[in-house]
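Participant: Below is the sequence, then the predicted model.
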Amino acid sequence: MNWFTNQKIWVRLVATISAMLVLVLSAIIAWAYVEQKDNAEIQARDFAGSVHQMTLASLTGMMMTGSIGERALYLDQVRNAGSI
C-alpha cells in the first residue's frame, strides 16, 4: 500500500480506474454468462415439452389406427432423431 500512496496522483487515478474497469467488466461477463445459461435451459425445456406433446399425440393416433409395424417404425425414427 505504501507504493500506491507514494505515486503521483495521475498514476493512482489511472490505476484505480483500471481496477474498477476490470471489476465492472468481470461482473458484466459473469451476468451475461448466467443469463445465457438460463435462456438455454428454458429453450431446452420448451423444446422437450413440444417434442413430448407431438410424440404423445402421434403415438395416441397410431395406437388407435396404425399397425404394429408403423408404430415400431415411428418409434425408431423418434429414437434416431439427432435433435431429440
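Facilitator: Happy to help now that I have it. Residues are numbered from 1 along each chain as shown.
Participant: Quick check: which ranges of this protein have low pLDDT?
Facilitator: Applying pLDDT under 70 to the chain flags residues 1, 66, 82-84.
Participant: what's the longest helix in it?
Facilitator: Secondary structure of the chain per DSSP state H: the longest helix is helix 9-65.
Participant: need the next SSE after that helix, C-terminal direction.
Facilitator: As assigned by DSSP states H and E, the chain's next helix or strand after helix 9-65 is helix 68-80.
Participant: picking that back up, what about the longest helix of the chain, distance to the chain center?
Facilitator: Relative to its chain's centre, helix 9-65 lies at 4 Å (CA atoms, centre = their mean, to the nearest Å).
Participant: try stretch 6-13
Facilitator: 43 Å.
Participant: quick one: the residue lying farthest from the centre of the chain and Ala40, what's the gap?
Facilitator: In the chain, the residue that sits farthest from the middle, by CA atoms, centre = their mean, is Asn6; the gap is 47.6 Å. Note on Asn6: its distance to Ala40, by CB to CB, to the nearest Å, is 49 Å. Where you see a C-beta, it was placed from the backbone N, CA and C, and this is true even at glycine.
Participant: With Ala48 instead?
Facilitator: The value you get for Ala48 to Ala40, if CB to CB is used, is 12 Å.
Participant: Tell me which residue lies nearest the centroid of the protein.
Facilitator: Short answer for the chain (CA atoms, centre = their mean): Ala40, at 2.4 Å.
Participant: picking that back up, torsion angles phi and psi at the residue farthest from the centre of the chain?
Facilitator: The phi/psi pair for Asn6 (degrees, to the nearest 10) reads phi -90, psi -10.
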